[in-house]
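Enquirer: Fold the following for me, if possible:
(4 chains)
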Protein chains: 2
Amino acid sequence: MPPPAAVPTRAVAADERERTWSIAEVAAEFGVTHRTVRHYEELGLITPERRGTTRVYHRRDRTRLGLILRGKRLGFPLEEIRTIIDLYDAPRGRRSQLEYVLAQIDERRADLEQRRRDIDSALSELTEFERRCRVDLDRLA
Amino acid sequence: MPPPAAVPTRAVAADERERTWSIAEVAAEFGVTHRTVRHYEELGLITPERRGTTRVYHRRDRTRLGLILRGKRLGFPLEEIRTIIDLYDAPRGRRSQLEYVLAQIDERRADLEQRRRDIDSALSELTEFERRCRVDLDRLA
DNA sequence: GTATTGCTTTACGTTGACGTCAACGTCAAC
DNA sequence: GTTGACGTTGACGTCAACGTAAAGCAATAC
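Expert: Have a look, this model is predicted:
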């Protein structure tokens, strides 16, 4: 069978959506080592496809990796990060499931807002301290 | 000698300022173990007075402990926390010292602002996710 | 061919942040 | 004077989050 003469736009978009990456590519892109990526897989934070023994990463895996690293920047432990990002994929068919998810969301939000308060007070202390330093500097001038 | 008949306000205030605490008191107050408090001392984050072998904690130590724990909530490693809170006590006599401190402040601020951006995006994603969950819930009703 | 490159697994090492346990000092209360 | 309560110093244990080294497969490069 000959290949199709022309590839319609839809198919191109599909190709683009279904682009895959190697472990080296995702690691380099996110600025981590392949060991780190595999560690996250061991903990069940990402589950790349396997072709034979080789790991194949899809857009979904990159999304999750982004969430993981942002969680890390925020200082969350990996286990907690797992419960958070799993939440986004949790089944929400039954009412009880949805209510559980909503309760979890509330907890997460409270946690994040506490962190933001911490950051804001740290920032304002820093600003005040900078002001005092500038006063000292002016006196030296 | 009889004790003084009346204690003037100034002396009361001084007493209050110079109140001290035991390791058990500060640990309980901040919700950590005494082991944790001693660990921070080993790393040079706090340096309580010694009376004989016993540690005596002053207001200054409690302030630093508060800064340490806030840093921890924000996910900073203890070594980094040490450089941060040491900054507040750093000598600022010479111009070069002041300029160094100001540069450090800028670094800290950039870091904290990155964290705040991360938190804000996490929060808005959470809000959007909650909205979708509530739509699902309404459909079930 | 073989040599290099890129991926794989297995497995042990390391660092940070404490926990835990042993062995002992000290001081007020009984 | 001994019994607690609270303090002390080591020293080793543990858990998370990886690092690192060893050894092997599989495809391309020469």
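
Enquirer: Give me the contacts around stretch A:56-63.
Expert: The contact list for stretch A:56-63, computed with CB atoms under 8 Å, 6 or more residues apart in numbering or on different chains, reads A:17-23, A:25-26, A:29-30, A:46-50. Any C-beta I mention is one placed from the backbone N, CA and C, and that applies to glycine too.

Enquirer: Can you tell me which of those end up in helices?
Expert: Of these, the ones assigned to helices by DSSP state H are A:R17, A:I23, A:E25, A:V26, A:E29, A:F30.

Enquirer: Just the buried subset of those, please.
Expert: A:I23, A:V26 (16 or more other CB atoms under 10 Å in any protein chain shown).

Enquirer: From the ones in helices among the contacts of stretch A:56-63, which shows the smallest pLDDT?
Expert: Ranked by pLDDT, those bottom out at A:R17, which scores 60.

Enquirer: Next up, the contacts around the closest residue to A:G44 other than its chain neighbours.
Expert: Setting aside the residues directly before and after it, A:G44 is nearest to A:R82 in space (CB to CB, 6 or more residues apart in numbering or on different chains), at 6.3 Å. With contacts defined as CB under 8 Å, 6+ apart, A:R82 is in contact with A:L43, A:G44, A:L45.

Enquirer: And chain A, what are its domain boundaries?
Expert: A:1-75, A:90-141 (automatic domain parsing).

Enquirer: Can the last one be said to contact chain B?
Expert: Yes. Remark: domain A:90-141 sits within contact range of chain B at A:92, A:95, A:98-99, A:101-102, A:105, A:108-109, A:112-116, A:118-123, A:126-127, A:129-130, A:133-134, A:136-137, A:140, by CB under 8 Å from any CB of the partner chain.

Enquirer: of those, buried ones?
Expert: Buried residues within the residues of domain A:90-141 next to chain B, defined by neighbour count using 16+ other CB under 10 Å: A:92, A:98, A:101-102, A:105, A:108, A:112, A:115-116, A:118-119, A:122-123, A:126, A:129-130, A:133, A:136.

Enquirer: Just send the contacts of A:R82 back as CSV, with neighbour count, distance to B:T36 and pLDDT too.
Expert: Shown next, in CSV, are the contacts of A:R82 (neighbours: other CB atoms under 10 Å in any protein chain shown; distance: CB to CB, whole Å; pLDDT from 0 to 100):
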residue, neighbour count, distance to B:T36, pLDDT
A:L43, 13, 26, 94
A:G44, 11, 30, 93
A:L45, 21, 28, 95
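
Enquirer: Relative to DNA strand D, which of the residues you listed is nearest.
Expert: Among these, A:L43 lies closest to DNA strand D (CB to the nearest atom of the strand), at 6.4 Å.

Enquirer: Just give the nearest non-adjacent residue to that closest one, would you?
Expert: Leaving aside its sequence neighbours, A:L43 sits nearest to A:L78 (CB to CB, 6+ apart; 5.6 Å).

Enquirer: give the contact list for the one you found.
Expert: Contact analysis of A:L78 by CB under 8 Å, 6+ apart lists A:Y40, A:L43, A:L45, A:I68, A:K72.

Enquirer: The helix or strand where A:R139 lies packs against which elements?
Expert: Element membership of A:R139 [criterion: DSSP states H and E] is helix A:95-140. Here helix A:95-140 touches helix A:78-89, helix B:59-73, helix B:95-140, going by 3 or more CB pairs under 8 Å, 6 or more residues apart in numbering or on different chains; DSSP states H and E.

Enquirer: And the shortest one, what's buried?
Expert: If I follow you right, that is helix A:78-89. Under the neighbour-count criterion of 16+ other CB under 10 Å, helix A:78-89 has A:I81, A:R82, A:I84, A:I85, A:L87 buried.
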